[in-house]
Structures are given as structure tokens and as C-alpha cells.
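Peer 1: Quick check, what structure comes out for this input:
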Amino acid sequence: MKLKVISRSADEFTRERSNDLQRVFHNYDPSLRPQERAVEYVRALTSTKLDRIFAKPFVRAMDGHGDAISCMAKNPNYLKGMFSGSMDGDIRLWDIASGRTVCQFPGHQGAVRGVTASTDGRIMVSCGTDSIVRLWNVPVATSQGSSDSSNTPSEPVAVYVWKNAFWGVDHQYGGELFATAGAQLDIWNHNRSQPVNSFSWGSDTVISVRFNPGEPNILATSASDRSIAIYDLRMSSPARKVIMQTKTNSIAWNPMEPLNFVAANEDGNCYSYDTRSLAEAKCVHRDHVSAVMDIDYSPTGREFVTGSYDRTIRIFPYNGGHSREVYHTKRMQRVFCAKFSCDGLYVISGSDDFNIRVWKSKASEQLGVVLPREKRKQEYQEAVKNRYKHLPEIKRIDRHRHLPKAIFKAHQLMRFMNDSARKKDAKRKAHSAPGSIVTKPLRKRRIVKEVE
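Peer 2: Numbering: from 1, shown residues only. Coordinates of the predicted model:
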């Protein structure tokens, strides 16, 4: 004879202290919960609405510059450090956590057009329209996390005078070389007062330069002749070039996929490219209504931030055609530079109104310490939202963003112009001989040609 005895230990359901949570045991048999999908949908809808209610992305504004912010750079060795340069020649090192100036680097007589830091965070390189490259020592106390801020000016370690104005600078990853953009592409060494190498492809000005994070000897540049060029320092001549219909203002490499980069263009779009095939863009990111001035990837490589002449900041997924977030304020003017913080939690922007602003990369994210229970709840809400994000009501609430009236009207006008051009092409194609008119996809439409 077989007996089944029901036994239960008191330790499994009894609270040890009165403040402990009551343990609840769930039976996950789906037949016991016929309304599970409906309950989850309501939870996803409520969570999406709460995200929009608590979306307050602005953290702080840091003022101190006397002119427009023209360039910014992260300190790879210091999480809270951010360098900024302005049009009046002032360079500052900021502590993002406190919003204070840690150190000033005076010396440039014209606009500062580029700042960058070495991989170890000890050397900062700056250049500008005064045709001078300056090397600075970054304060050691800052790298060690000291909270003592001082506005005492620092003296440059080296000053290199050159023949032409500079428009950008970038430092090699893990090396002693840095590249400057100007009348030509110049490669410098920390210990040399003259460039160790120079590249030129045409006679137009190079306006931006970026080293590849995975292969230190490869770099990409954009020039005023509407070209994007790939250079290899191990070769005596440039490698490849693609010419577009409009100028590219900035370039950013994907830190997780170093073969790919994204270009911020003057036509208001961003174009993702694979260096192995420049004849066609991998993706076209559209939403800005004016020129995109700066671009920077998140450390995760899954999204990037853009700053535009239309006075907005947008965050795009790396493979999405439209932005997931847009930030703007009434006082913020044209955005000249935008960067992700080193941990990817914040976005820092510099604009024409002399201010540096700090934003949350996730608008509704809770700042401060998050308890384990809260973290589990947030993870569950994200999973539920991701499961039902394709449904119309949730999709509508999640995508809705308030825009300034001028940008909203410009969007409407651009949409009307694009629809008119599409109808005109369709009519021309319908009234022409079959095969005489070939419609190019958007990924190829803005590319003029590729030069090997």
C-alpha cells in the first residue's frame, strides 16, 4: 500500500523578521491563467505610459565659457572628465558629477577646433585656427578621482607652430601618434615638432579625422569636397574614398564593430558604412531637419548620439532609420558637439549659447542607488514592453515626442517635398519606356562615386 503524505516546512513560508517580505509561491501552469496575455498587455501599456510621464532627461547645465562650444573630448582614463573648447580659445576640463571646472588650459588666440586625449588620459592635444598645436599635461589628481576643483591655469608641455589652420584632431588608440585635419592630413608624434607624415588627396580642406579603435593604423577623414576617405598609415598613399552629394561634418567608428562607421552629413541625415564596401550605405538615419554637426557612438556600440544645427539632440539605434529619442530646450541654440559619457549613461552636448548640458541617455531612468527589488521590477517591465512593443497603442505612446513648432513645421514640409518627388518619379517612370529609368535606393542615392 502506497501512501502520499503532504508535508510542509515552516521555514519555507515563515518570515524571520517582521520587515521581511511574505514569500509567495506561484504555479506557472498556463491552464490556470487564461487571462495571462491580457494582464501582461495591460502591464506593458501602463509601463509605457509611466515612462512617458517620468521622462525628464535634463540633468544640469555647466556654464563658464565665454563663447560658443566648438569641440569636446572624453578622458578615457577618468569617467567623470570631459574636455571642452570654445570659439574664444578657452579649453576647460569639467567634472561632470559636480558640474565644476577642474582645470583651465589658456593659450589659443583663435577658435579651438579640436581637442583629444591620449589613451592613458595623461596628455591632452588641442589645435585651432591660430595654426598651433598644443600638448598639455592632464592634472594627476583628476585621474585619481580627487574632488578638489581649481581654476588655476595650466601651462602647455609643447607648442608646435604650423603653416595652416586646423579643423580637427584625434589621438591614436594605444600609441603616441595623433592626426590633425587642415589643408592636408598631418600625422604627428608627441616628441616631434614637425609632422612625421602627411597625406593629401585633392586640394580641399580636411574638416574631421577619426582613428579606428580596433586597428590603430587606420583612420577616416571627411573633407570640404564632400568626400570621405580611408587612410592606412602603413601605406604611402590613401586607400579609398567615396564622394557624396553634400559635405560630411563628422565621423564616428563603432567601438564594438570597428569595420563600421557612421557619417554626419550636411543634408540632415546620417549614413552608416562598412569600410569593405563604400559604394552603398548600410543604413540611412533620418529625422533631423538641418545639418548634423557632430556624432558619437555609445560605448556599447548599439546606439549613437547626434547634435544638429536645428537645435536638437537625437539618439539613434545603430541599425534603425529613425531616432528613439529627441532632446531640446527653449534656451539651447545650435548644437555643435555631442558626446556619450564613458559609461554610456549620459549624453553631453555643447551649443552656441556658451553652455554644456548633461542629459540622461534613457529619459525615464531612475538616478541613484537602485534596490535589487526595483532592478528586478524594471527588468520585468522592459521585458513586457519589448514583448508587446509592436501593438498599435503601445507603439503610438512609445514613439510620441513633443517637438518645437519650427521643427514640426519643417518636418511637415520635408515630408511633403519627399512625397511630391516620389510621385513625380513614379509618373515619369510610368510614362517612359520600360527599363529606361532606374530608381536608385536611398542608400545609394546620395553617393556620387567611389574612388579606389
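Peer 1: the longest helix in the protein is where?
Peer 2: For the chain, the longest helix by residue count, based on DSSP state H, is helix 405-430.
Peer 1: Quick check: residue 132 touching residue 162?
Peer 2: Yes - between residue 132 and residue 162 a contact is recorded at 7.2 Å, counting by C-beta atoms under 8 Å. Just so you know, the C-beta spots here come from the backbone N, C-alpha and C atoms, and that holds for glycine as well.
Peer 1: Just the C-alphas of the helix or strand where residue 263 lies, formatted as CSV.
Peer 2: Assigned by DSSP states H and E, residue 263 falls within strand 260-265. Taking Å, rounded to 0.1, in the frame of the first residue of the first chain, the C-alpha atoms of strand 260-265 are listed here in CSV:
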residue,chain,number,x,y,z
ASN,A,260,31.7,50.1,-39.5
PHE,A,261,31.4,53.9,-39.1
VAL,A,262,28.7,56.5,-39.3
ALA,A,263,28.9,59.9,-41.0
ALA,A,264,27.0,63.0,-40.0
ASN,A,265,26.0,64.8,-43.2
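Peer 1: List the contacts of stretch 231-247.
Peer 2: 177, 185, 187, 197, 199, 201, 207, 217-222, 224-230, 265-267, 271, 273, 275, 278-279, 446-452 (C-beta atoms under 8 Å, 6 or more residues apart in numbering).
Peer 1: One more: stretch 314-331?
Peer 2: With contacts defined as C-beta under 8 Å, 6+ apart, stretch 314-331 is touched by 57-58, 254, 262, 270, 272, 283-288, 297, 301-306, 308, 311-313, 347, 349, 353, 355, 357, 359, 361, 363, 401, 403-404, 407.
Peer 1: Just to be sure, which of those are found in strands?
Peer 2: 58, 262, 270, 272, 283-286, 297, 303-306, 308, 313, 347, 349, 355, 357, 359 (DSSP state E).
Peer 1: ok so, going back, in its sheet, what does the strand holding residue 263 sit against?
Peer 2: Next to strand 260-265 in the sheet, as set by DSSP bridges, lie strand 248-253 (antiparallel), strand 269-274 (antiparallel).
Peer 1: Would you point to the one among the ones you listed that's packed deepest?
Peer 2: Ranked by mean neighbour count, those are led by strand 248-253 with a mean of 24 (mean count of other C-beta atoms under 10 Å).
Peer 1: ok, residue 275 to residue 221 distance?
Peer 2: Distance, residue 275 to residue 221, by C-beta to C-beta, to the nearest Å: 13 Å.
Peer 1: Of these two, give the one with the bigger neighbour count.
Peer 2: Using other C-beta atoms under 10 Å as the criterion, residue 275 and residue 221 rank with residue 221 on top: 26 against 17.
Peer 1: How is that one assigned, secondary-structure-wise?
Peer 2: strand (DSSP: H, G, I helix; E, B strand; the rest coil).
Peer 1: Over to residue 11?
Peer 2: helix.
Peer 1: For it, grab the count of nearby residues.
Peer 2: 7.
Peer 1: i'd like the first residue to be 376 from this point on
Peer 2: OK, 376 is where the count begins now, so the last one is residue 386.
Peer 1: so residue 478 is in which element?
Peer 2: Element membership for residue 478 (DSSP H and E) is strand 475-479.
Peer 1: So for that strand, mean pLDDT?
Peer 2: Mean pLDDT, strand 475-479: 91.
Peer 1: cool, stretch 741-758 as well?
Peer 2: In this model, stretch 741-758 has an average pLDDT of 92.
Peer 1: can you check stretch 697-716 too?
Peer 2: Mean pLDDT, computed over stretch 697-716, is 95.
Peer 1: and if you look at stretch 390-404?
Peer 2: 81.
Peer 1: Report the contact partners of residue 436.
Peer 2: 730-733 are the contacts of residue 436 under C-beta under 8 Å, 6+ apart.
Peer 1: Tell me the one of those residues nearest residue 410?
Peer 2: The closest of the contacts of residue 436 to residue 410 turns out to be residue 733 (C-beta to C-beta; 43.7 Å).
Peer 1: Show me where this structure dips below the pLDDT cut-off.
Peer 2: Within the chain, the stretches with pLDDT under 70 are 516-527, 578.
Peer 1: those helices in it, which residues are they?
Peer 2: 411-428, 515-518, 747-762, 767-774, 780-805, 817-820.
Peer 1: Touching the last one from outside, list them.
Peer 2: Meaning helix 817-820. With contact meaning C-beta under 8 Å, 6+ apart, helix 817-820 is reached by 646, 654-659.
Peer 1: List buried members of those by neighbour count.
Peer 2: Those of those that meet the buried threshold are 646, 656, 658-659, by 16 or more other C-beta atoms under 10 Å.
Peer 1: just these now: which is nearest residue 396?
Peer 2: residue 658 (46.1 Å).
Peer 1: wait, doesn't the closest one sit right on residue 644?
Peer 2: No - if you go by C-beta under 8 Å, residue 658 and residue 644 don't touch, sitting 10.2 Å apart.
Peer 1: Please tell me how far the closest residue to residue 642 other than its chain neighbours sits from residue 821.
Peer 2: Spatial nearest neighbour of residue 642, excluding adjacent residues (C-beta to C-beta, 6 or more residues apart in numbering): residue 621 at 4.5 Å. Using C-beta to C-beta, one obtains 7 Å as the distance from residue 621 to residue 821.
Peer 1: Mind checking which of the two has more residues around it?
Peer 2: In this view residue 621 and residue 821 are compared by other C-beta under 10 Å, and residue 821 has more residues nearby, 17 against 13.
Peer 1: Would you report the backbone torsion angles of the more buried one?
Peer 2: Phi and psi for residue 821, reported as degrees, to the nearest 10, are phi -90, psi 0.
Peer 1: what's it in contact with, if anything?
Peer 2: 619-621, 640, 642, 644, 646, 656.
Peer 1: From the chain's centre, how far out is stretch 555-570? Work that out for me.
Peer 2: Centroid separation for stretch 555-570 versus its chain: 26 Å, with C-alpha atoms, centre = their mean, to the nearest Å.
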